[in-house]
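Engineer: What follows is a predicted protein model with its sequence.
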Amino acid sequence: MSPGSSDTGLQRLAQPGSYTDDWGSVWEVGEPGIIGEVKSPALAEWPALATFQPPWELVRDRDLAHANRNCASSDSFMLSPACARPFERLQFLRGTENTFIDLADRRPEIFKLTEMIHEFYLADVRNWARSEVDGVFLMDDWGANNALLIDPKIWREIFKPLYRDYCDLIHAAGKFVFFHSDGNIEAIYGDLVEIGVDAINSQLFCMNIEELAKRYKGRITFWGEIDRQHVLPFGSPDDVRAAVRRVRNALDDGTGGVIAQCEWGKDNSKDNIEAVFRAWLD
């Protein structure tokens with residue numbers, strides 16, 4: 001999980017050491033180019049919530065002129081930075097363990113904080129929806145390797161309505177919704193389709209790709225990817241090409257619906273990364 005380019009400068013990711021993000025949480029970055037971890041959450045103790053406010057100045061002072069100029073000068077599809085991530089923001093503010101306990105215990109404070117975060121992100125999504133970008137990018141990492149991180153019933157009760165609000169705003173402006181989530185999110189794939197997500201970037205190789213195709217092909221765009229846990233870091237270019245063929249055979253019927261994409265780590269070989277995109281061009 002990362003702070004997000006819309007509220008924390010990416011240059012900080014290249015600077016080992018600690019820094020305080022725009023929401024008041026302290027991060028520790030261990031090496032250049034690595035995202036780092038929250039070591040001191042701003043709301044580790046609930047009494048601090050009484051005086052807490054989101055960094056509204058980020059929304060108020062957001063200057064979209066540069067983005068709009070880029071859109072005007074390009075015929076490429078233009079996507080906003082990640083601008084809404086309520087589940088991850090809860091973790092950044094409370095700490096991951098506290099967040100899971102709060103949700104399980106249904107602490108009143110977690111609902112109040114979620115609403116504050118949601119109002120902030122609604123305002124930021126509204127900003128981007130008024131801009132000239134073609135798509136607005138949402139994200140939250142919801143899956144472990146084998147299952148969702150929380151009970152899907154809790155997800156549907158608390159978080160699904162938030163994403164629906166974002167999707168409705170974005171679609172009302174005539175734009176597309178792009179959503180990223182790591183891990184096995186099979187349990188909520190259908191929900192994301194239902195609320196109007198247009199393209200999902202997910203770890204396909206944590207799930208049954210063929211089953212996803214059977215259920216959702218033609219109903220959503222699959223935005224990548226290729227296995228970055230095993231194939232990209234440890235496989236050969238032949239393994240990479242085979243992985244691309246699997247994705248293509250399952251999801252691409254020649255009429256669209258798949259975006260060739262992969263995410264790679266800093267130690268992945270250049271040959272494997274090139275093999276991904278060459279295989280898509282074959």
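Structural biologist: Sure thing, it's come through. All values derive from a computational prediction rather than experimental measurement. Residues are numbered from 1 along each chain as shown.

Engineer: give me the beta-bridge partners of the spatially most central residue of the chain?
Structural biologist: Centroid-nearest residue in the chain, with C-alpha atoms, centre = their mean: M139, separated by 2.3 Å. Here M139 sits in beta bridges with H180, going by DSSP bridges.

Engineer: That one against R85, yeah?
Structural biologist: Yes - M139 is in contact with R85 according to C-beta atoms under 8 Å; the separation is 5.1 Å. All C-beta atoms are positioned from the backbone trio N, CA, C, and that covers glycine.

Engineer: what's the burial count for R106?
Structural biologist: For R106, the count of nearby residues is 11 (other C-beta atoms under 10 Å).

Engineer: give me every residue that touches the residue nearest to the centre of the chain.
Structural biologist: 4, 82, 84-85, 88, 179-181 (C-beta atoms under 8 Å, 6 or more residues apart in numbering).

Engineer: Pull out the buried positions in the one helix or strand L103 maps to.
Structural biologist: Per DSSP states H and E, L103 falls inside helix 96-105. Going by neighbour count (16 or more other C-beta atoms under 10 Å), the buried part of helix 96-105 is 96, 98-99, 102-103.

Engineer: now for the helix or strand following that helix, which elements pack on it?
Structural biologist: Remark: after helix 96-105, the chain's next helix or strand is helix 108-129, criterion DSSP H and E. When contacts are defined as 3 or more C-beta pairs under 8 Å, 6 or more residues apart in numbering; DSSP states H and E, helix 108-129 packs onto helix 56-60, strand 79-84, helix 86-94, helix 96-105, strand 135-139, helix 160-172.

Engineer: Name the residues of the first one that come out as buried.
Structural biologist: Pointing back at helix 56-60 there. For helix 56-60, burial by neighbour count (16+ other C-beta under 10 Å) applies to 58-59.

Engineer: can I assume R126 is in contact with L169?
Structural biologist: Yes - assessed by C-beta under 8 Å, R126 is found in contact with L169 at 5.8 Å.

Engineer: Any stretches of the stretch 1-150 of the chain with poor pLDDT?
Structural biologist: Residue ranges of the stretch 1-150 of the chain with pLDDT under 70: 1-14.

Engineer: Figure out which of the helices and strands packed on helix 108-129 is closest to I150.
Structural biologist: Among the helices and strands packed on helix 108-129, helix 96-105 comes nearest to I150, with 6.3 Å by C-beta to C-beta.

Engineer: For F159, which non-adjacent residue is spatially closest?
Structural biologist: Spatial nearest neighbour of F159, excluding adjacent residues (C-beta to C-beta, 6 or more residues apart in numbering): F87 at 6.2 Å.

Engineer: can you pull the contacts of the one you found?
Structural biologist: 99, 140-142, 159.

Engineer: swap in C71?
Structural biologist: Residues in contact with C71 (C-beta under 8 Å, 6+ apart) are 78, 131-134.

Engineer: neighbours around A250, how many?
Structural biologist: A count of neighbours around A250, defined by other C-beta under 10 Å, yields 19.

Engineer: V133 versus that one, what's the distance?
Structural biologist: A250 sits at a distance of 30 Å from V133 (criterion: C-beta to C-beta, to the nearest Å).

Engineer: can you check L281 too?
Structural biologist: For L281, the distance to V133 equals 27 Å [C-beta to C-beta].

Engineer: Identify the residues contacting stretch 189-199?
Structural biologist: Taking C-beta under 8 Å, 6+ apart as the rule, stretch 189-199 contacts 135, 138, 155-156, 160, 163-164, 167-168, 171, 176-179, 185, 200, 202, 212, 215-216, 219-223, 259.

Engineer: I figured S202 was touching E225, is that so?
Structural biologist: Yes - using C-beta under 8 Å as the test, S202 is close enough to E225 to be in contact (7.5 Å).

Engineer: neighbours around the residue nearest to I195 when sequence neighbours are not counted, how many?
Structural biologist: Spatial nearest neighbour of I195, chain neighbours left out: R164 (4.3 Å); criterion: C-beta to C-beta, 6+ apart. Other residues near R164 number 16, with proximity taken as other C-beta under 10 Å.

Engineer: T51 too?
Structural biologist: 6.

Engineer: now D182
Structural biologist: Quick note: D182 (other C-beta under 10 Å) scores 21 neighbours.

Engineer: Which of the three states applies to N201?
Structural biologist: The three-state label for N201, taken from DSSP: H, G, I helix; E, B strand; the rest coil, comes out as strand.

Engineer: my read: it touches H180, true?
Structural biologist: Yes - N201 is in contact with H180 according to C-beta under 8 Å; the separation is 4.2 Å.

Engineer: No further questions, thank you.
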